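Below: sequence and its predicted model.
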Amino acid sequence: MLELVRKDWWVLLIVLCVVWAIECQLEGNSLLETIEAPLLLCAYLAAVFLLDRWVQSRSARKTG
């Protein structure tokens, strides 16, 4: 993709979160509004990850 190593992705994620928080505060959003969207995104990604792991484990049992 962007030829970034694992550590670079974490740095990019942290920078984007800080920029997100600063922008939300400049717009006058409350703390809840600032963290609501990233938390929903994390919950969605966690659900997709867990579903993927569950499907992979079931398919591995059937083929193995």
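That came in fine, so what should we check first?

Averaging pLDDT per element, find the lowest-scoring helix or strand in the protein.
helix 6-26 (a mean of 83; mean pLDDT, DSSP states H and E).

residues of that one that come out buried?
Buried residues in helix 6-26, counted by 16 or more other C-beta atoms under 10 Å: Cys24. C-beta: built from backbone N, CA, C; applies to glycine.

Show me what it packs onto, helices and strands only.
For helix 6-26, the elements it packs on are helix 31-63, judged by 3 or more C-beta pairs under 8 Å, 6 or more residues apart in numbering; DSSP states H and E.

Let me see the confidence value for the residue sitting nearest the centre point of the chain.
Most central in the chain under C-alpha atoms, centre = their mean is Cys42, positioned 4.3 Å from the mean C-alpha point. Note on Cys42: pLDDT of 85.

what's the answer for Gly64, then?
For Gly64, the predicted pLDDT is 61.

Near Leu41, how many other residues are there?
Counted by other C-beta atoms under 10 Å, the residues lying close to Leu41 total 10.

Ignore what I typed, I meant Asp52.
Considering only other C-beta under 10 Å, Asp52 is surrounded by 10 other residues.

now swap in the one 3 residues further on and tell me
Burial of Val55 is recorded as 10 neighbouring residues (other C-beta under 10 Å).

For it, report the pLDDT, please.
pLDDT at Val55 comes out at 89.

Please report how far it lies from Glu33.
When distance is defined by C-beta to C-beta, to the nearest Å, Val55 is 34 Å away from Glu33.

Kindly report the same for Leu51.
Distance from Leu51 to Glu33, by C-beta to C-beta: 28 Å.

One more: Ala47?
In terms of C-beta to C-beta, Ala47 sits 22 Å off from Glu33.

ok so, going back, now the angle from the least confident helix or strand of the chain to helix 31-63?
Helix 6-26 runs at 150 degrees relative to helix 31-63, counting by axes from the mean of the first three to the mean of the last three C-alpha atoms, to 10 degrees.

Centre of the chain to helix 6-26, how far?
11 Å (C-alpha atoms, centre = their mean, to the nearest Å).
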